[in-house]
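Chemist: fold the following.
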Amino acid sequence: MHVIAFASQKGGSGKTTLAGHIAVEAERRNEGPVALIDTDPQGSLSQWWNARDAERPFFVRSSHEGLANDLKRLKDGGVGLVVIDTPPAITATIAHVISLSDLVVIPTRPSPHDLRAAGATVRICDEISKPLVFAVNGAAPRARITTEAVIALSHHGPVAPSVIHQRIDFASSMIDGRTVMEIASQTKSAEEIGDLWSFLSDRLHGRETSPFASGSFAGDTLRGAA
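Modeler: Numbering: from 1, shown residues only. As a prediction, this is how the structure comes out:
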């Protein structure tokens, strides 16, 4: 069983949206059973899941104290992947979740505030030697700042080669507990989520997939169409 944590100090980075989408995509790609755990007191992921009609991925209620035991129980029960959403703050809960994870995804919007906020999560990962991946999220199409953000992030860790662009279908799909793939599978948004999951899956399974690296890509690669 693999455990992915979505963590970032910055509120509004898209942790909950990406956690839900990646869990659904992994289930669609036969990586399941997939379980979701929400450690954010705001409970946004819980609310999204409660609005779903589909039973998979399934939701597990856990606590800081019981998380390790819950993960063991899920593993013993044959769960293939656990996706954990975390609070938008650096707390003991986040450090605990990261310590129990196989991979930490740091969603980062291409803005100076988000780039600065990512540092606290990176430090926790470095201190306990946990692998991390930056996922650039909420990017404006053809925006120079997206390229600059990827360059800056690539100095601190691998950056997923699939940039998630800002589109209304992400927000509208979350209203009733769905994802962009479940509304229309042949869209740019669905393609980006699929590519992001492929990259994360490769990292989890030890397959070589090149992330973005400083100086290794052309700016146009990041400027996807809306």
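
Chemist: for residue 157, what are phi and psi?
Modeler: As for residue 157, its main-chain torsions (degrees, to the nearest 10) stand at phi 170, psi 170.

Chemist: right, and it touches residue 135 too?
Modeler: No - the pair residue 157 / residue 135 is not scored as a contact, 11.0 Å apart, by Cβ atoms under 8 Å. The way it works is simple: take the backbone N, C-alpha and C, and place the C-beta from them, glycine included.

Chemist: state the distance from residue 180 to residue 198.
Modeler: Noted for residue 180: a distance of 16 Å to residue 198, by Cβ to Cβ, to the nearest Å.

Chemist: out of those two, which sits in the more crowded spot?
Modeler: residue 180 (25 against 17; other Cβ atoms under 10 Å).

Chemist: now the helices for the protein?
Modeler: Ranges of helices in the chain, per DSSP state H, are 15-28, 44-50, 67-76, 92-99, 112-127, 144-154, 168-175, 180-183, 188-204.

Chemist: can you dump the C-alpha coordinates of the third one into CSV?
Modeler: Spelled out, it's helix 67-76. The C-alpha coordinates for helix 67-76 follow below in CSV (Å, rounded to 0.1, in the frame of the first residue of the first chain):
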residue,chain,number,x,y,z
LEU,A,67,-3.7,7.5,12.0
ALA,A,68,-0.9,5.0,12.2
ASN,A,69,-3.2,2.3,13.3
ASP,A,70,-5.8,3.2,10.7
LEU,A,71,-3.2,3.0,7.9
LYS,A,72,-2.1,-0.4,9.2
ARG,A,73,-5.7,-1.6,9.2
LEU,A,74,-6.2,-0.3,5.6
LYS,A,75,-3.1,-2.1,4.4
ASP,A,76,-4.1,-5.3,6.1
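
Chemist: where in the protein is pLDDT low?
Modeler: Residues of the chain that meet the criterion pLDDT under 70 lie in 210-226.

Chemist: what lies in contact with the biggest strand by length in the chain?
Modeler: If you go by DSSP state E, the chain has its longest strand at strand 132-139. Residues from elsewhere that reach strand 132-139, judged by Cβ atoms under 8 Å, 6 or more residues apart in numbering: 13-14, 17-18, 103-110, 118, 121-122, 125, 146, 149-150, 153-154, 156-160, 162-166, 196, 199-200, 203, 211, 222, 224.

Chemist: can you give me the buried ones in it?
Modeler: Neighbour counts over strand 132-139 (16 or more other Cβ atoms under 10 Å) mark 132, 133, 134, 135, 136, 137, 138, 139 as buried.

Chemist: list buried residues within the contacts of strand 132-139.
Modeler: Buried members of the contacts of strand 132-139, scored by 16+ other Cβ under 10 Å, are 13-14, 17-18, 103-110, 118, 121-122, 125, 146, 149-150, 153-154, 156-160, 162-166, 196, 199-200, 203, 211, 222, 224.
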